[in-house]
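Colleague: Predicted model and sequence below, questions to follow.
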Amino acid sequence: MDIIPYALRLLGQAVFAISLIFAGLFFLRVIVAWVSANPFSWLAYNLRRVTEPMVLPIRQQFGGRHFRFDLLPLVAGAMIIVIGSFSSSLLLQLANITQDAIYTAVRGVVTVKFIARILIGLAGLFYLAAILLRVFLPYFMAGYRSSLLLFAFKITEPLLRPLRKIFVAGMFDFSPFVALLIVQFATRVLTDSLQ
């Protein structure tokens with residue numbers, strides 16, 4: 001019975017560990033380039049070959065206007081860590097919701113409050129995932145013709161539009177990260193009030 005929450009927790013930990021390993025490759029690429037190692041050495045060549053598919057979309061987004069090209073792997077590594085940690089957090093929260101649902105169903109005390117708590121928790125996770133998709137898919141050349149990105153835009157824009165008026169600094173838009181915090185806080189308050 002605990003197999004589903006356990007598998008989700010294990011998957012969340014694996015996602016975080018894999019994101020750290022991949023981000024480490026990007027950071028190693030920068031270190032090897034800064035040490036002025038031979039760019040055609042086995043290590044430098046293979047690091048570029050493995051990491052370039054992730055750096056290329058970011059390079060096309062920035063176009064060299066704002067960052068030096070040798071710093072773009074750092075941006076890619078940081079993005080991987082952020083995506084991995086948020087994805088891992090979503091999986092761990094889903095594991096907690098699943099475990100709560102299983103234990104409550106087994107005890108036979110399914111109430112309206114319980115159903116509302118589960119639905120609010122799942123809706124909060126769904127909304128967090130939509131915000132993440134909206135933030136990170138454009139960096140990987142998923143335009144608004146993508147039905148997934150268009151759907152994420154439509155459901156997250158009512159929250160992000162007012163936040164964007166406050167949390168934009170130059171070319172950086174921090175409103176999605178503030179929205180993530182707001183949605184997590186609101187979800188937690190609502191689910192805790194239904195205990």
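Modeller: Sure thing, it's come through.

Colleague: Surely I166 is within a strand?
Modeller: No: I166: not assigned to a strand; according to DSSP: H, G, I helix; E, B strand; the rest coil it is coil.

Colleague: pLDDT wise, what is the spatially most central residue of the chain at?
Modeller: For the chain, the residue nearest the mean C-alpha position is I83 (3.1 Å; Cα atoms, centre = their mean). Note on I83: pLDDT of 87.

Colleague: Then S175?
Modeller: On the pLDDT scale, S175 gets 89.

Colleague: Just give the number of residues close to L180.
Modeller: Neighbour count of L180, defined by other Cβ atoms under 10 Å: 17. In short, each C-beta sits where N, CA and C put it, glycine included.

Colleague: Go ahead and confirm it touches F86.
Modeller: Yes: using Cβ atoms under 8 Å, L180 is in contact with F86, at 7.3 Å.

Colleague: Which residues are in contact with each of those two?
Modeller: Common neighbours of L180 and F86, counting by Cβ atoms under 8 Å, 6 or more residues apart in numbering, are 128, 132.

Colleague: And the helices in this structure?
Modeller: Per DSSP state H, the chain carries helices over the ranges 3-34, 42-62, 72-107, 112-136, 147-164, 175-193.

Colleague: Verify the stated contact: L128 with L91.
Modeller: No: contact criterion Cβ under 8 Å: L128 and L91 do not qualify, at 11.4 Å.

Colleague: quick check: domain ranges of this structure?
Modeller: By the record's domain assignment, the chain is partitioned as 1-81, 111-195 (automatic domain parsing).

Colleague: Just give me the neighbour total for R29.
Modeller: Neighbour tally, R29, other Cβ under 10 Å: 25.

Colleague: what distance separates the helix or strand bottoming out on mean pLDDT in the chain from the centre of its chain?
Modeller: When each helix and strand of the chain is scored by mean pLDDT, DSSP states H and E, strand 172-173 comes last, with a mean of 77. Strand 172-173 has its C-alpha centroid displaced from the chain centroid by 16 Å (Cα atoms, centre = their mean, to the nearest Å).
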